[in-house]
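Participant: prediction below, plus the sequence it came from.
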Amino acid sequence: MKLFKGKVKKALIIGIDGVPYSLLSTYLQKDLMPNLKMILSQGLTLHQMNASIPDISSVSWTSFNTGVNPGEHGIYGFTDLKPNSYSLCFPNSKDIKAPTFWEILGKTNQKTSTLSQKYYNKIIHPYRSVIFNVPHTYPALPMNGILVSGFVAIDLKKATFPDSTYTYLHSMNYLIDVEAEKAKEDKMEFMKSLFECFEIRKKAISHFFAGEPWDLFFACITETDRLHHFFFDASSDKENPYYESFLRFYVELDKFIKYLYEQFVERYSEKGFFMILSDHGFAPVKKEVYINKFLEEKGLLVLKKEGNFYERVENKTKAFNLDPCRIYIHGKDAYPRGTVREEEKTDLLEEIKKILRTLKGENGDEVIDKIFEKEDIYHGPHTRMAPDLVCLPKDGYDLKGSLEKKEIFGYNVFKGMHTWHDAFCILPSNISFSKKPSVEELTDYIIQYYSQ
Amino acid sequence: MDHLTRLENKSIYIIREAYYQFKDIAMLWSVGKDSTTLLWLCRKAFFGHIPFPIIHIDTSYKFPEMYQFRDTRAKEWNLNLLIGRNEEKLKEGMGPGQGSKLDCCNELKTNALKSVIKKYHLKAILLGIRRDEHGIRAKERYFSPRDSQFKWDYENQPAELWDQYQSMVEEEEHFRIHPILHFAEFDIWNYVKREELPIIPLYFSKNGKRFRSIGCVPCCSPIDSNAQTIDEIVEEIRISKTSERSGRAQDKENIYTMQKLRALGYM
Amino acid sequence: MIEEKQSLPIIIVGHVDHGKSTLIGRLLYDTGCLPPDKFSEIQKTSEMLGREVEFAFVMDCFEEERSRGITIDTTQTFFKTPKRRYVIIDAPGHKEFLKNMITGSSQAEAALLIIDAFEGIRDQTRRHAYILGMLGFKQVCVLLNKIDLVHYSKDKFFELKDQATDFLKRLNIHPTFVLPISAIRGDNVAQPSEKMSWFDGPTVLQALDTFESLKVEEKPLRFPIQDIYSIDGKKMLVGRIEAGRLKRGENLFLLPEKKKVVVKSIEKFLKNDVATANFEESVGICLKGRHRVGRGRILAGDLSSMISDSIRANIFWMDARAHQKGETLLFRCVTQEIPCQIEKIYKKFDPASMELIEEEASSISGAEVADVMIHLKSQAVVDPFNDIPEMGRFVLEKDGRPIAGGIIL
């Protein structure tokens, strides 16, 4: 498949949340996904890819959607603190400070970014997109085409644009997400509900794919992320009671990818741009690690008894952690009760980094893999609100931001944790990377395609 | 028939219907203007002899004016008043200063109510909820089933067809009935005025401030206002753009967001 | 200042893309019921999308506002003419949403059916029209929208008008008006259109103003007994007057027995000496002498009711589970609750296509409409829906859940 320079531009992008490159490769090798294998033989290449940092869906998808790093788009996690306060908030689509690629292509963007600047005046006429179930697009903002928000979306009416999209989805009992709350109660039922949700998802995607005029179609499957959170231990273990169901899900996924691909090729033959990607990988969880408890034990975090979440942070606190591992210095200039002065920050950061390296698991193995200071990884106008330190763990240790745990290590119901290093992307083979690509780098290729 | 009378008659019908369908029923009275209106409608429905208990969930942090008002009315109107308190948690010192406000409300209000429902084997509760209170509540119906965990299956609402109200009650379910759902905020005020209903003086301005809704002392803040009569209040409401629980809709969305994140291990 | 203006609840139906939202926005805007800040919001959003002002965004605005708890009036949308206020009952439109739409429609007294003049009658148009017919809407105004897209053509309008009238006739709907409009441009909605001088009919607002508020009609008394209370030694029958009015001293019939009774007193809390009670009032009644009464009996002003244990009706099935032959259901009409069975299914329809699915069917499934004979365990008192709607509509329940709604013909 080549990047075509003709007049008709069509792109199909499929996102599969949380699918690791390593697992995908294994399944491909074992012939468990014959359709994807066939697709790969048609001028497409599979690459391993890095997710965003931190490696959670809201950040990673937003990095992909905008094609820039969090320093430009301003989303650093599912949660954040309101500026100059300890109030927890949940950033949503309105808080994204850079335009998405569909806004750029549709010529409806009001914000700018390095990516939109690059293609300024290069998009000749607006392109219409169908954006389906993409995480972190809630509430649905008006755009050129159709948008259905993915996780986290509460109200279907607010998650859809325009009106008729809502009407259709409501009428077919569309589900924005499975009820993960139910997984604890009855795993079997939950597994069933994953398949049911996937069915509805497929039906809705097919409806818009076939029935709507579009220049770009981008749909995400999010069930895989849920599947992995609760059943990742079943992915390669034949003895596991959920092994068959796990594989069956991938088989159905494989079939659906084939369906979309074939339809796409049939209509647009060699002129279209095709891409599949995931936003992060997964690995089996050994233990959860409660960084705030660790910071407390090391005297860096001091908490009051009363208050909600971070309202408990006392003035003696030097640093605290937000989920998964975003460490913020309790600076005098940044927080009402902050006491750390500007000149103390550099030394404090070094101290914290050293202390983090001392965090060891049961067998004396290291918990923390990489530690980044914000300037290392974030660039752009919105780095002031970025965490001072971000850590990535060794596979198996799931770092958490809870303030209520009594021990540093703990167990939970989850069987899988996100990984940063093991996402994947599938792109036309004439696109090659000199080093391992990052999720936000892919977007440029999409816009490039339309600007030629 | 004028607007208020129409609203009133509809409520009376619903209350009588609820009583017929559920023998084990009670009315939740927060002593605020809405539930006092509901109480008055119940008096009308039963010609002054309300055949079921009136429950007040007392967090112990309420305004003294509220306790006074409650006791006077209870005597005057011959109410079978039941007071629900979470004595256990109160002994432990539970209050908005201890832990989170969410926890305090949960223990002292929600759990206290749950205990009362259990203790008296209640199958249904009458509540003074209005449809215009905020967005998500707009989807409540007159008869709303609630399971024992106090969640509501919002998608699975029984169709309320032509005033046929549903009455099937299963094991742990209890029904919540909202006879004043169709009253808007200013309808309540106009009705209070028309019927000359007594209400707590805190609703009216004193020293430039008044309360728009009356809950517990530590968590309730007054608004700036000079409205001292109902007409002035109604006018003020018309002009102001914030509803009595503005910001609560976003709070509710945040709570759902938190629940979803928690279920996936993110909080 | 207390708002006492009369209000007429209406419903606007039709295929979702035929301009319902735009029409609502236009109605609000043209009658001055769209607050200026909302209009500028819509302007901004529309500009951003490079389009002309999209009144359709109005509904989104209200929705947003509602969900942010800002609107304090009702959650229903309204517009007004000098004559009265019109409350738009919000009803989304797609076939699987039948359940909620019925609940919405049932409160409305007039309907506007929108058809895209360019596209013509669609599935949803049919389905909604069918439901309007089923619910006995007598006051229906058909709007042929987007008339600008057919160049305001007189011929095209009359052609489509004939088609529409024809198709509606088969559903027993006789629209009071069929109007050409353009919601997006404002033609003939609040203002007559300069581009359609050939049209001499009313604007939408004028048409609406001719509609009658149904509730004012004089009808024979129907008072279904809701409950019996013993208060202060008196035995009181409580209920709501579902039709007509009640006078103290009046002679009435207790149905279904057809027993003659006399009204001794009308009871209202804190009111003495009540001489009459009117339609929609929930009151207490004391009868002269002693009678065996209970909930479900009906006090009527005359003997024109249908009293029978066999009822022919149109029902629409709402449950996901199909009806099984011989199943016992509960028939609920006003306060009557009688076990029943669907004895015969004469015809079954798919409202979307108006196609006959089956004659002499043996079952009914979700979203289907059927013409049936219901056999009740004991006699019910009903009236034809088109005479006294409150006594002509009923619900069938199974295990406490409403699974079908019906109309008695």
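Facilitator: Arrived safely.
Participant: now for the residue in chain B that chain A sits nearest to: which residues touch it?
Facilitator: Nearest to chain A in chain B, going by CB to the nearest CB, is B:A263, at a distance of 3.7 Å. Bear in mind the C-beta positions are built from the backbone N, C-alpha and C, glycine included. For B:A263, the contact set (CB atoms under 8 Å, 6 or more residues apart in numbering or on different chains) comprises A:179-181, A:183.
Participant: for it, give its distance to B:K91.
Facilitator: Using CB to CB, to the nearest Å, B:A263 is found at 33 Å from B:K91.
Participant: one more: A:V134?
Facilitator: Using CB to CB, A:V134 is found at 51 Å from B:K91.
Participant: the more surrounded of those two?
Facilitator: For A:V134 versus B:K91, the count of surrounding residues by other CB atoms under 10 Å in any protein chain shown is larger for A:V134: 27 against 8.
Participant: I'd say A:I56 and A:Y76 touch.
Facilitator: No. The criterion here is CB atoms under 8 Å, and A:I56 misses it with A:Y76 at 9.4 Å.
Participant: quick one: which of the two has more around it?
Facilitator: A:Y76 (27 against 24).
Participant: now the more buried one: closest residue in space that isn't a chain neighbour?
Facilitator: A:P70 (5.3 Å; CB to CB, 6 or more residues apart in numbering or on different chains).
Participant: number of residues surrounding the one you found?
Facilitator: For A:P70, the neighbour count with other CB under 10 Å is 31.
Participant: tell me who's in contact with it.
Facilitator: Residues counted as contacts of A:P70 (CB under 8 Å, 6+ apart) are A:52-53, A:59, A:62-63, A:76, A:378, A:380, A:382, A:386.
Participant: scan those and report the most crowded one.
Facilitator: A:T62 (31 neighbours).
Participant: mind checking the end-to-end distance for stretch A:398-416?
Facilitator: End-to-end distance of stretch A:398-416: 9 Å, with CA to CA, to the nearest Å as the criterion.
Participant: swap in stretch B:177-190?
Facilitator: End to end - CA to CA - stretch B:177-190 spans 23 Å.
Participant: near chain C, anything from that stretch?
Facilitator: Yes. Judged by CB under 8 Å from any CB of the partner chain, stretch B:177-190 and chain C are in contact via B:184-186, B:190.
Participant: still on that earlier bit, quick one, phi/psi of the residue of chain B closest to chain A?
Facilitator: Torsion angles at B:A263 (phi, psi; degrees, to the nearest 10) stand at phi -60, psi -20.
Participant: check B:L4 too.
Facilitator: When read as degrees, to the nearest 10, the backbone of B:L4 gives phi -60, psi -40.
Participant: what does the one 4 residues further on give?
Facilitator: Reported as degrees, to the nearest 10, the phi and psi values for B:E8 are phi -60, psi -50.
Participant: what about it, how many neighbours?
Facilitator: 25.
Participant: report the contact partners of it.
Facilitator: Here B:E8 is in contact with B:41, B:44, B:191 (CB under 8 Å, 6+ apart).
Participant: wait, what's in contact with the first one?
Facilitator: Residues touching B:L41, when contacts are defined by CB under 8 Å, 6+ apart, comprise B:8, B:11-12, B:15, B:179-180.
Participant: how about CSV for the residues you listed, with distance to A:S402 and secondary structure added?
Facilitator: Below are the contacts of B:L41 laid out as CSV (distance: CB to CB, whole Å; DSSP: H, G, I helix; E, B strand; the rest coil):
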residue, distance to A:S402, secondary structure
B:E8, 51, helix
B:S11, 46, helix
B:I12, 51, helix
B:I15, 46, helix
B:P179, 43, coil
B:I180, 41, coil
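Participant: tell me if the worst-scoring helix or strand of chain A on mean pLDDT is near chain C.
Facilitator: Least confident element among the helices and strands of chain A, by mean pLDDT, DSSP states H and E: helix A:163-171 (a mean of 86). Yes. For a cut-off given as CB under 8 Å from any CB, helix A:163-171 has contacts with chain C, namely A:163-164, A:167-168, A:170-171.
Participant: tell me the helix or strand right after that helix.
Facilitator: Elements were assigned by DSSP states H and E; along the chain past helix A:163-171, the next helix or strand is helix A:187-211.
Participant: re the thing from before, closest one to chain C out of the residues of helix A:163-171 next to chain C, please.
Facilitator: The nearest member of the residues of helix A:163-171 next to chain C to chain C, counting by CB to the nearest CB, is A:S171 at 3.6 Å.
Participant: show me what the closest residue to A:Y449 other than its chain neighbours is bridged to.
Facilitator: Of all residues not flanking A:Y449 in the chain, A:F273 sits nearest, at 4.7 Å (CB to CB, 6+ apart). Under the criterion DSSP bridges, A:F273 forms beta bridges with A:A11.
Participant: can you pull the pLDDT of A:F273?
Facilitator: With respect to pLDDT, A:F273 scores 93.
Participant: next up, the contacts around A:T160.
Facilitator: A:140, A:147-149, A:166, A:169.
Participant: low-confidence bits of the stretch 251-400 of chain A, can you list those?
Facilitator: A:269-270 (pLDDT under 70).
Participant: report pLDDT for the residue of chain C most remote from its centre.
Facilitator: In chain C, counting by CA atoms, centre = their mean, C:G233 sits farthest out from the average C-alpha position, at 40.8 Å. Predicted confidence (pLDDT) for C:G233: 86.
Participant: any idea how far chain A is from it?
Facilitator: Separation of C:G233 from chain A (CB to the nearest CB, to the nearest Å): 54 Å.
Participant: can you check C:S153 too?
Facilitator: Distance from C:S153 to chain A, by CB to the nearest CB: 26 Å.
Participant: quick one: that residue and C:L168, what's the gap?
Facilitator: C:S153 is 21 Å from C:L168, by CB to CB.
Participant: which of those two has more residues huddled nearby?
Facilitator: More neighbours surround C:L168 than the other of C:S153 and C:L168, with 23 against 16 (other CB under 10 Å).
Participant: ok, the more buried one to chain A distance?
Facilitator: To chain A, C:L168 is 23 Å away according to CB to the nearest CB.
Participant: in a helix, that residue, correct?
Facilitator: Yes. Per DSSP: H, G, I helix; E, B strand; the rest coil, C:L168 lies within a helix segment.
Participant: if B:A26 is in a bridge, with which residues?
Facilitator: Residues in beta-bridge contact with B:A26 (DSSP bridges): B:I125.
Participant: now the contacts of A:T160 as JSON lines including distance to chain B and neighbour count?
Facilitator: JSON lines is the format used below for the contacts of A:T160 (distance: CB to the nearest CB, whole Å; neighbours: other CB atoms under 10 Å in any protein chain shown):
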{"residue": "A:A140", "distance to chain B": "14", "neighbour count": "22"}
{"residue": "A:L147", "distance to chain B": "18", "neighbour count": "27"}
{"residue": "A:V148", "distance to chain B": "17", "neighbour count": "28"}
{"residue": "A:S149", "distance to chain B": "13", "neighbour count": "27"}
{"residue": "A:Y166", "distance to chain B": "14", "neighbour count": "24"}
{"residue": "A:L169", "distance to chain B": "13", "neighbour count": "22"}
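Participant: any buried residues in stretch A:365-384, and which?
Facilitator: Within stretch A:365-384, the residues that count as buried by 16 or more other CB atoms under 10 Å in any protein chain shown are A:367-368, A:371-374, A:377-380, A:382-383.
Participant: what number of residues lie near B:P198?
Facilitator: Neighbours around B:P198, by other CB under 10 Å: 13.
Participant: OK, contacts around the closest residue to A:T66 other than its chain neighbours?
Facilitator: Nearest in space to A:T66, with sequence neighbours left out and distances taken as CB to CB, 6+ apart, is A:A98 at 4.1 Å. Contact partners of A:A98, counting by CB under 8 Å, 6+ apart, are A:66-68, A:72-74, A:111-113, A:115-116.
Participant: before we move on, back to that, now flag whichever of the residues of helix A:163-171 next to chain C is closest to B:T229.
Facilitator: Within these, the smallest distance to B:T229 is 43.2 Å, found for A:D163 (CB to CB).
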